[in-house]
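Asks: Sequence below, structure please.
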Amino acid sequence: MSKASKISDKEILSHYIKMGEILSKMFNPNLEVIVHDLRYPEHSIIAIFNNHITGRNVGEGTSDLGYKKVDGKVPDQVINYKNESPDGKPLKSSSLTIRNSQNDIIGSLGLNYDISIFEEFSTALSYLKETTDNPIISNKEAFYYGSTKEDILIAVKHFRVSNGLTNKIFSKKEKYNVIKYLIKGGHLNKRGAVPIIGEALAITRPTVYKYIKDIKEKF
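Replies: So this is what the prediction gives:
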């Protein structure tokens, strides 16, 4: 490549400024984007977007990370590191070293994402999800409170729907799984459950007892 065709340092930095502006608008107002000209670290900031996040301005100097970049003490890419704004907001930050065609360090692209809104949401969500143990309800609430027959028929219907079964008559395996489901749901402890289950599944009482015995032996 001839000297005439080489991209100048100014052009390279200008490219990152345009890219930074797009990123800042895409993630507005939570992403601050800074472009530093590290050839002049004392007043390195040549562009900054959404500067309300850290309060810095064009013409101000680089951070300690910038000086480490100048000295070659950090990698070119430092991604998703934990950071904090001057007013204490949590930030998720990344930094990319900018090099010219001679591979010299000329600048850096800094990204500071304000994640305080997500922490606030997480806190609010934790309150919504919070539950307490209650001695009155030992396991779970019985939402369908009625007769044994109603409870079992509702449970069988729920099994059918939750398993996507559209056929009117259960197969032998499905009947076995329905009884297994009813046992887990505590329906076998209800008075008169066995004949009701037999009627619902169109099987005899001895068959219901046989399935129950087989299932409990495998528990």
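
Asks: rest of the way, CA atoms for contacts and neighbours
Replies: Fine.

Asks: Need the per-residue pLDDT for N139.
Replies: For N139, the model assigns a pLDDT of 57.

Asks: now H52
Replies: For H52, pLDDT reads 95.

Asks: Residues in contact with the helix or strand S94 falls within: which ones?
Replies: Secondary structure assigned from DSSP states H and E places S94 in strand 90-99. Residues outside strand 90-99 that contact it (Cα atoms under 8 Å, 6 or more residues apart in numbering) are 13, 69, 76-85, 105-116.

Asks: Out of those, which end up buried?
Replies: Listed as buried from the contacts of strand 90-99 are 13, 69, 83-84, 105-115; burial here means 16 or more other Cα atoms under 10 Å.

Asks: tally of neighbours for I45?
Replies: Applying other Cα atoms under 10 Å, we find 23 residues neighbouring I45.

Asks: same check, this time on I7
Replies: By other Cα under 10 Å, 11 other residues sit near I7.

Asks: Now the element after the longest helix along the chain, going C-ward?
Replies: In the chain, assigned by DSSP state H, the helix with the most residues is helix 9-26. Counting by DSSP H and E, the next helix or strand C-terminal to helix 9-26 is strand 31-37.

Asks: gap between that next one and the chain center?
Replies: For strand 31-37, the gap between its own C-alpha mean and the chain's C-alpha mean amounts to 27 Å (Cα atoms, centre = their mean, to the nearest Å).

Asks: mean confidence for the helix or strand where Y209 lies?
Replies: Using DSSP H and E, Y209 maps to helix 205-218. The average pLDDT within helix 205-218 is 89.

Asks: by contact count, what packs against that helix?
Replies: Judged by 3 or more Cα pairs under 8 Å, 6 or more residues apart in numbering; DSSP states H and E, helix 205-218 is in contact with helix 172-184, helix 193-201.

Asks: Quick one: residues in contact with the last one.
Replies: Residues external to helix 193-201 that are found in contact with it (Cα under 8 Å, 6+ apart): 148-149, 152-153, 169-170, 175, 179, 187-188, 204-205, 208-209.

Asks: Quick one: buried ones out of those residues?
Replies: Buried among those (16+ other Cα under 10 Å): 148-149, 152, 170, 175, 179, 187-188, 208.

Asks: Quick check: the two most widely separated of those?
Replies: T148 and F170 (20.9 Å; Cα to Cα).

Asks: what separates the helix or strand of the chain with the lowest mean pLDDT from the chain centre, distance-wise?
Replies: Between all helices and strands in the chain, the lowest mean by mean pLDDT, DSSP states H and E belongs to helix 116-129, at a mean of 80. Centroid separation for helix 116-129 versus its chain: 13 Å, with Cα atoms, centre = their mean.

Asks: Next: stretch 11-31.
Replies: Relative to the centre of its chain, stretch 11-31 is centred 26 Å away, using Cα atoms, centre = their mean.

Asks: If you count neighbours, what's buried in that stretch?
Replies: Result for stretch 11-31 [16+ other Cα under 10 Å]: buried residues 12-13, 16-17, 20-21, 23-24, 30-31.

Asks: Next: stretch 159-175.
Replies: Those would be 159-160, 170, 174-175, for stretch 159-175 by 16+ other Cα under 10 Å.

Asks: JSON lines for those residues, including pLDDT and distance to T131?
Replies: What follows is these, written out as JSON lines (pLDDT from 0 to 100; distance: Cα to Cα, whole Å):
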{"residue": "F159", "pLDDT": "91", "distance to T131": "27"}
{"residue": "R160", "pLDDT": "89", "distance to T131": "30"}
{"residue": "F170", "pLDDT": "88", "distance to T131": "38"}
{"residue": "E174", "pLDDT": "91", "distance to T131": "35"}
{"residue": "K175", "pLDDT": "91", "distance to T131": "35"}
